[in-house]
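1. Sharing a model prediction with you, sequence too.
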Amino acid sequence: MSTFERYLTIWVFLCIIAGITLGYIMPGLFQVIGAAEIARVNIPVAVLIWLMIIPMLLRIDFAALGHVGQFWRGIGVTLFINWAVKPFSMALLGWLFIGWLFRPMLPETQIDSYIAGLIILAAAPCTAMVFVWSNLTKGEPHFTLSQVALNDAIMIVAFAPIVALLLGLSAITVPWDTLMLSVGLYIILPVVAAQLLRRRLLNSSGSLGRLLAKLQPLSLLALLTTLVLLFGFQGEQIIAQPTVIALLAVPILIQVYFNSGLAYLLNRMAGEQHCVAGPSALIGASNFFELAVAAAISLFGFHSGAALATVVGVLIEVPVMLSVVWIVNRSRDWYERGLPIDKPTETNRI
């Protein structure tokens with residue numbers, strides 16, 4: 001993890017301050033940016049999202065799906081957490097905390113939108129930062145790569161139906177046309193474009209690595225620029241209600257620790273090795289927040305509580321996931337006690 005990535009939370013916090021300040025000083029500029037839309041897609045944000053997503057997807061090799069059977073227990077646990085537990089547990093936590101316990105402390109008109117943002121955030125498993133977390137836990141690289149590739153393939157067909165189902169249960173009208181446009185624009189097209197570009201670059205020795213080295217800082221810069229725009233539009237509401245971010249963070253924190261802990265324990269019960277259980281727990285807990293931010297903006301707009309809820313996920317992602325990494329590493333001895341004596345040797349770590 002680079003120094004810039006390690007202190008991502010600090011840069012996010014500074015972007016929040018910058019966005020709120022600029023939104024207060026230059027509201028006209030943000031109105032012009034917000035109006036730059038085609039078919040309900042904001043063009044500046046779409047460009048920024050692509051700059052965020054493409055470098056991450058370039059790292060994914062879908063040929064790694066051939067390794068899926070080798071780690072079937074860990075793969076099965078992570079798929080169960082990502083697609084059968086996490087979106088639904090987040091919806092439940094959103095309804096419990098935002099829709100009930102915290103309702104008196106939040107703006108009534110945004111309650112449903114906040115819950116929608118939390119659902120969108122949890123419906124897409126993380127893609128890029130998982131490789132960082134896996135490395136920090138000495139994770140099995142083939143498992144991590146095959147799991148991420150499989151999740152990306154599933155996301156193409158599962159993201160929209162799960163989001164639509166849970167939004168419908170929240171009594172939110174689902175704009176199917178916008179939702180499907182978001183899936184095509186922010187999942188299908190980037191995946192196809194990244195794989196075509198990756199295949200071309202692999203034919204030239206070292207080209208992929210050099211391009212990723214150049215694009216990674218640009219990707220993070222695009223993320224921070226998007227945050228400035230979001231908070232430029234949300235600034236007035238945040239200043240008026242400074243507790244909103246803290247309250248939105250509560251269900252996100254709970255679901256991260258719940259899902260990572262559940263994945264970790266299920267892998268141990270299944271007899272999976274620690275080098276697989278570690279990244280499995282981290283993949284099961286983290287979110288593809290770039291996609292979540294883009295989908296929330298497309299579906300509900302810059303000014304929505306949904307957009308703000310996804311941004312809170314960005315704000316706490318790095319420190320929370322680093323705490324999960326610490327727990328996984330510190331509990332290695334406990335985890336390995338009770339595993340079969342004839343367990344295979346942990347090899348080929350990242």
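-> Here it is on my side, so go on.
2. Every contact and neighbour count from this point should use C-alpha atoms.
-> Will do.
3. Roughly how far does residue 232 sit from residue 13?
-> Residue 232 sits 13 Å away from residue 13, going by CA to CA, to the nearest Å.
4. Between these two, which has more neighbouring residues?
-> Counted by other CA atoms under 10 Å, residue 232 and residue 13 do not tie: residue 232 has more neighbours, with 28 against 15.
5. what's near enough to touch the more buried one?
-> 18, 19, 20, 21, 22, 23, 24, 27, 30 (CA atoms under 8 Å, 6 or more residues apart in numbering).
6. ok so it is a strand residue?
-> No: secondary structure of residue 232 (DSSP: H, G, I helix; E, B strand; the rest coil): helix, not part of a strand.
7. ok, it to residue 198 distance?
-> 35 Å.
8. Which secondary structure element of this structure has the lowest mean pLDDT?
-> When each helix and strand of the chain is scored by mean pLDDT, DSSP states H and E, helix 3-6 comes last, with a mean of 63.
9. How far off centre is the very next helix or strand once past that one?
-> Proceeding N to C from helix 3-6, the next assigned helix or strand is helix 8-25, under DSSP states H and E. Per CA atoms, centre = their mean, to the nearest Å, the displacement of helix 8-25 from the mean C-alpha position of its chain is 20 Å.
10. Report the buried residues of helix 8-25.
-> Applying a neighbour-count criterion of 16 or more other CA atoms under 10 Å, the buried positions in helix 8-25 are 8-9, 11-12, 15-24.
11. And the strands in this structure?
-> For the chain, applying DSSP state E gives strands covering 37-38, 41-42.
12. Would you tell me which of the ones you listed gets closest to residue 146?
-> Between residue 146 and the strands of the chain, the shortest gap by CA to CA is with strand 41-42, which sits at 31.8 Å.
13. The closest one - what's its average pLDDT?
-> Across strand 41-42, the average pLDDT comes to 70.
14. Stretch 322-334 too?
-> If you average the pLDDT over stretch 322-334, you get 92.
15. And it, how far out from the chain middle?
-> Chain-centre distance of stretch 322-334: 21 Å, with CA atoms, centre = their mean.
16. Just list the residues touching residue 129, thanks.
-> Contacts of residue 129 were listed using CA under 8 Å, 6+ apart, and none were found.
17. what does residue 126 give?
-> Counted by CA under 8 Å, 6+ apart, residue 126 has contacts 148, 283, 286, 287, 288, 289.
18. and if we set it to 6 Å?
-> Residues near residue 126 by CA atoms under 6 Å, 6 or more residues apart in numbering: 286, 287, 288.
19. Quick check: the residue lying closest to residue 103 once chain neighbours are set aside vs residue 253, distance?
-> If the residues on either side of it in the chain are set aside, residue 103 comes closest to residue 111, at 7.2 Å by CA to CA, 6 or more residues apart in numbering. Distance, residue 111 to residue 253, using CA to CA: 18 Å.
20. what about residue 61, neighbour count?
-> Other residues lying near residue 61 total 16 when counted by other CA under 10 Å.
21. Next one: it from residue 144, what distance?
-> Residue 61 sits 11 Å away from residue 144, going by CA to CA.
22. quick one on the thing from earlier: looking at the strands of the chain, which one is packed in the most?
-> Mean neighbour count (mean count of other CA atoms under 10 Å) peaks for strand 41-42 among the strands of the chain, with a mean of 20.
23. Where does pLDDT dip in the stretch 101-250 of the chain?
-> Scanning the stretch 101-250 of the chain with the threshold set as pLDDT under 70 gives 127-128, 171, 173-175, 205-206, 234-238, 240-241.
24. All set now, cheers.
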